[in-house]
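Colleague: have a look; sequence and predicted model below, questions after that.
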Amino acid sequence: MFTGISKVLRRLLFTAGMTIALPVSAWAAGVQPGTNMFAPASKPAREIESLAIFILAITGGIFVVVGGALLYAVIKYRRRKNDDGSEPTQIFGSLQIEMAWTIIPIMIVVVMFLTSARLIFAIQDAPKPKESLAITVVGHQFWWEVRYPKYGVVTANEIHVPVDEATYFKLLSADVVHSFWIPELAGKTDCIPNHVNTTWILPTRVGLYKGQCSQFCGTEHAMMLLRVYVQTPAQFKAWIKNQQKPAVEDPAVAAGREVFMHNACMDCHTIRGTVATGRFGPDLTHLASRDTLGSGSLSNTPANLRAWIKDPDHFKPGVLMPAMQLNNKQLDEVTAYLCSLR
């Protein structure tokens, strides 16, 4: 098939094939449920997907036209065995061609700019319903603080919202620039120190949607994950009611509570209903009700929790939580206490 075709053509075909095949295969293998931006489950995400497909269609058409013209030229004007070395007929000063490759790209750029700008303003300026849920999200190195001002609830790394209702996010940062992104629910919005940004979602399907910080923010940027649970209104109300309760006082884990309160734990973490009021780390009042530890680094099981307390850097190198210098008995006790916080 390639007989008589130059090495340049072979390299061109190989490069084009790899350019298309590698991203597609990586996408097909790597997309997990809840992270596929081409499976929108929220009104703004659906509008963003429509724009993305429109832009992909335009750029795909450009690729086909330019690639086809280049392939045609390489094949038609390739060196042949009987060539006498003379150049083919040259074309100079074609006004029509020069006008075409100037005007057409300008028109394409203008169309993409106008459609993108229209969508940006439509999402940003969408009227906020009075009954919408308000949530404040604060980016920290390397976890998410989630506040529900209306209900007096503070949690971390997991957001619960009702289905078919608008939720508006107030985005802040406690240190460096972070970026709030849940691919199936909304586009990326930066969390900037000393500046408030906002975004919103209107989810249409119950389920778990995964996101993460999409702005490099330090050593553990890649493990600054986020989980959004879209629930029925009844499930959401039940979750809020449980989160509003103070920490459980279980006499069976009193020893672990003493370990927590007499070590550095209480300086960094809050447990409502106790003297622990630290704000540097996540609120642990209902830690056991969460599915993950370390902002999605590992599943929330007693064994993982104990190992995390002992040496968090083992699971999340660069994490700002220090290893707790506790003996085995203390580790078992404080783990039992934290597992009771449901």
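Modeller: Yes, it's here.
Colleague: quick one, helices of the protein?
Modeller: The residue ranges that make up the helices of the chain, judged by DSSP state H, are 7-30, 43-76, 95-124, 233-243, 254-261, 265-268, 302-310, 312-315, 328-339.
Colleague: report the angle between the longest one and helix 95-124.
Modeller: To tie it back to what came earlier, the one meant is helix 43-76. With axes from the mean of the first three to the mean of the last three C-alpha atoms, to 10 degrees applied, the angle from helix 43-76 to helix 95-124 works out at 160 degrees.
Colleague: so who does the closest residue to residue 222 other than its chain neighbours touch?
Modeller: Spatially, and ignoring its direct neighbours in sequence, residue 222 is nearest to residue 212 (7.8 Å; C-beta to C-beta, 6 or more residues apart in numbering). All C-beta spots, glycine's among them, are computed from the backbone N, C-alpha and C. If a contact means C-beta atoms under 8 Å, 6 or more residues apart in numbering, then residue 212 has 181, 222, 224, 225, 226, 296 as its contacts.
Colleague: just send those residues back as a markdown table, with pLDDT, neighbour count and distance to residue 68 too.
Modeller: Formatted as a markdown table, those follow (pLDDT from 0 to 100; neighbours: other C-beta atoms under 10 Å; distance: C-beta to C-beta, whole Å):
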| residue | pLDDT | neighbour count | distance to residue 68 |
| --- | --- | --- | --- |
| 181 | 94 | 20 | 36 |
| 222 | 89 | 13 | 39 |
| 224 | 93 | 27 | 43 |
| 225 | 93 | 19 | 42 |
| 226 | 94 | 24 | 43 |
| 296 | 91 | 21 | 44 |
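Colleague: redo the helices of the chain as CSV? Include mean pLDDT.
Modeller: Written out in CSV, the entries for those read as follows (pLDDT from 0 to 100):
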stretch, mean pLDDT
helix 7-30, 50
helix 43-76, 92
helix 95-124, 91
helix 233-243, 96
helix 254-261, 92
helix 265-268, 89
helix 302-310, 94
helix 312-315, 91
helix 328-339, 94
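Colleague: do you know which of the ones you listed lies nearest residue 288?
Modeller: Shortest distance between residue 288 and these, using C-beta to C-beta, is found for helix 328-339: 5.2 Å.
Colleague: and the angle for the closest one with helix 302-310?
Modeller: For helix 328-339 against helix 302-310, the angle between stretch directions is 120 degrees (the same axes, to 10 degrees).
Colleague: enumerate the positions of helix 328-339 that are buried.
Modeller: 330, 331, 332, 333, 334, 335, 336, 337, 338, 339 (16 or more other C-beta atoms under 10 Å).
Colleague: picking up where we left off before, distance of the residue nearest to residue 222 relative to residue 299?
Modeller: For residue 212, the distance to residue 299 (C-beta to C-beta, to the nearest Å) stands at 17 Å.
Colleague: now swap in residue 172 and tell me
Modeller: With C-beta to C-beta as the criterion, residue 172 and residue 299 are 28 Å apart.
Colleague: residue 221 against residue 143, yeah?
Modeller: No - because the distance of 11.6 Å does not satisfy C-beta atoms under 8 Å, residue 221 is recorded as not touching residue 143.
Colleague: can you redo the contacts of residue 212 as CSV with distance to residue 216?
Modeller: Formatted as CSV, the entries for the contacts of residue 212 read as follows, by distance: C-beta to C-beta, whole Å:
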residue, distance to residue 216
181, 13
222, 9
224, 10
225, 15
226, 16
296, 17
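Colleague: for those residues, which one is nearest residue 248?
Modeller: Of all those, the one with the least separation from residue 248 (C-beta to C-beta) is residue 296, at 24.4 Å.
Colleague: so what's the closest one closest to, chain neighbours aside?
Modeller: residue 225 (2.9 Å).
Colleague: residue 273 now?
Modeller: In space, and not counting its chain neighbours, residue 273 is closest to residue 246: 2.9 Å by C-beta to C-beta, 6+ apart.
Colleague: surely that neighbour and residue 285 touch.
Modeller: Yes - judged on C-beta under 8 Å, residue 246 makes contact with residue 285 at a distance of 7.1 Å.
Colleague: more neighbours: which of those two?
Modeller: Each of residue 246 and residue 285 has its neighbours counted (other C-beta atoms under 10 Å); residue 285 has more, 25 against 11.
Colleague: so for the closest residue to that one other than its chain neighbours, what's the pLDDT?
Modeller: Beyond its immediate neighbours in the sequence, the residue positioned closest to residue 285 (C-beta to C-beta, 6+ apart) is residue 272, lying 4.5 Å away. Residue-level confidence at residue 272 comes out at 92, pLDDT.
Colleague: what do you get for the one 10 residues further on?
Modeller: pLDDT, residue 282: 94.
Colleague: what's around it, how many residues?
Modeller: Per other C-beta under 10 Å, the neighbour tally for residue 282 reads 25.
Colleague: mind listing what it touches?
Modeller: Neighbour list for residue 282: 143, 145, 155, 156, 157, 269 [criterion: C-beta under 8 Å, 6+ apart].
Colleague: most neighbours, which of those?
Modeller: Of the contacts of residue 282, with other C-beta under 10 Å as the count, residue 143 tops at 26 neighbours.
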